[in-house]
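Q: Next comes the sequence, and after it the predicted model I'd like to discuss.
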Amino acid sequence: MNWTAVSALMAFKRGISRNIHNILGSWDASLATPLGWFHVTCDAAGRVIRLDLSNEGLVGTIAPELAELDELQFLEVNGNFLVGHIPPVLGNVLNLVSLDLSHNFLSGPIPLGFDNFIRGKLKFL
């Protein structure tokens, strides 16, 4: 079971105030794993490795709980209407290869914690 992943993704869903295309409709908190959820890719062990919500018209904030997805390699939330600050704890996800937050309405500086990516696998920011 991967309740941590389910919990982290549900925290993200709660931070979304408008889900125009209902793309998060398959995200069910009663399931033990997010296998089969739309826009979520898991490895064979059920760990989330990719979250691709690009250009989906999502309105809301980025939940810091996404940092609990320690096997996450791709976080693609570009082209939405996300607001607020970038959670500094995202810098702790050292398996990230690609982090695309572009074309949103985020504010504030790039968090200091993002210097952790130097030690990680990040290739695209």
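A: All right, it came through fine. Numbers count the residues shown, from 1 in each chain.
Q: Return the residues in contact with residue 89.
A: Listed by Cβ atoms under 8 Å, 6 or more residues apart in numbering, the contact set of residue 89 reads 64, 67, 113. In this view, the C-beta of every residue, glycine as well, is placed from N, C-alpha and C.
Q: and these, which are buried?
A: Buried subset of the contacts of residue 89 (neighbour count, 16 or more other Cβ atoms under 10 Å): 64, 67, 113.
Q: Quick check: pLDDT value at the last one.
A: If I follow you right, that is residue 113. Looking at residue 113, its pLDDT is 76.
Q: again with residue 32
A: Predicted confidence (pLDDT) for residue 32: 82.
Q: Which of the three states applies to the closest residue to residue 81 other than its chain neighbours?
A: Leaving out its chain neighbours, the residue that sits closest to residue 81 by Cβ to Cβ, 6 or more residues apart in numbering is residue 59, at 4.3 Å. Three-state call for residue 59 (DSSP: H, G, I helix; E, B strand; the rest coil): strand.
Q: May I see the buried residues of stretch 19-39?
A: Buried, per 16+ other Cβ under 10 Å, within stretch 19-39: 19, 23, 24, 27, 33, 34, 37, 39.
Q: Which pair of the residues you listed spans the longest distance?
A: Taking Cβ to Cβ as the measure, those span a maximum distance of 21.3 Å, between 19 and 33.
Q: rewinding a little: columns distance to residue 104 and secondary structure on top of the contacts of residue 89, output as TSV?
A: Formatted as TSV, the contacts of residue 89 follow (distance: Cβ to Cβ, whole Å; DSSP: H, G, I helix; E, B strand; the rest coil):
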residue	distance to residue 104	secondary structure
64	16	helix
67	18	helix
113	19	helix
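Q: Out of these, the closest to residue 12 would be?
A: residue 64 (9.5 Å).
Q: For that closest one, give me its contacts.
A: Residue 64 neighbours (Cβ under 8 Å, 6+ apart): 11, 87, 88, 89, 90.
Q: try 10 Å this time
A: Applying Cβ atoms under 10 Å, 6 or more residues apart in numbering, we find residue 64 in contact with 8, 11, 12, 15, 85, 86, 87, 88, 89, 90, 92.
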